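Trainee: Sequence and computational prediction follow.
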Amino acid sequence: NNKEQSALFFEAIDNDDLKSFFNTKYLTGINYAKKLTLSLSKVNKNDMKQLMQAGFTDGEILEINQVTSYFNYVNRSVLGLGVDTKGDIVGLSPKENDDPENWEHS
């Protein structure tokens, strides 16, 4: 709900400069996710070493990899099929789909 902060964040994304929003640890994770998405063939053991040196556990590295890979898969599926989600409210529980403010998943 902060339009000014949101605009600064998107500007930082456009300029590939997220240092003012994330610490070194999280920037390392973001850079790995970006590399996994845009340059998969360049991912190597050094990337895992950098993540570990930044302080991520094996489980956290796996989670970054799995979440990034899943979102890449879903986005490619949706875009590859030409699915239009315009007007859809994404993220609502099926049981509570009539209230866009309700994010409960039980």
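Mentor: Thanks, I have it. Numbering: from 1, shown residues only.

Trainee: Contacts only, for the spatially most central residue of the chain.
Mentor: For the chain, the residue sitting closest to the mean C-alpha position, by C-alpha atoms, centre = their mean, is T68 at 6.1 Å. Residues in contact with T68, defined by C-beta atoms under 8 Å, 6 or more residues apart in numbering, are Y32, A33, L36, T37. In short, each C-beta sits where N, CA and C put it, glycine included.

Trainee: For E60, state which of those is nearest.
Mentor: Nearest to E60, judged by C-beta to C-beta, of the contacts of T68 is Y32 at 10.9 Å.

Trainee: So which bits of the helix or strand where that closest one lies are buried?
Mentor: Assigned by DSSP states H and E, Y32 belongs to helix 24-38. Using 16 or more other C-beta atoms under 10 Å as the test for burial, helix 24-38 gives T28, G29, N31, Y32, A33, K35, L36.

Trainee: quick one: the fifth one and I61 touch, right?
Mentor: No - under the criterion of C-beta atoms under 8 Å, A33 makes no contact with I61, lying 10.8 Å away.

Trainee: What sits closest to F22 if chain neighbours are left out?
Mentor: Spatial nearest neighbour of F22, chain neighbours left out: I30 (6.5 Å); criterion: C-beta to C-beta, 6 or more residues apart in numbering.

Trainee: before we move on, back to that, identify the farthest-apart pair in the contacts of T68.
Mentor: Taking C-beta to C-beta, no two of the contacts of T68 sit farther apart than Y32 and T37, at 9.6 Å.

Trainee: separation between K49 and Y73?
Mentor: From K49 across to Y73, the span is 26 Å (C-beta to C-beta, to the nearest Å).
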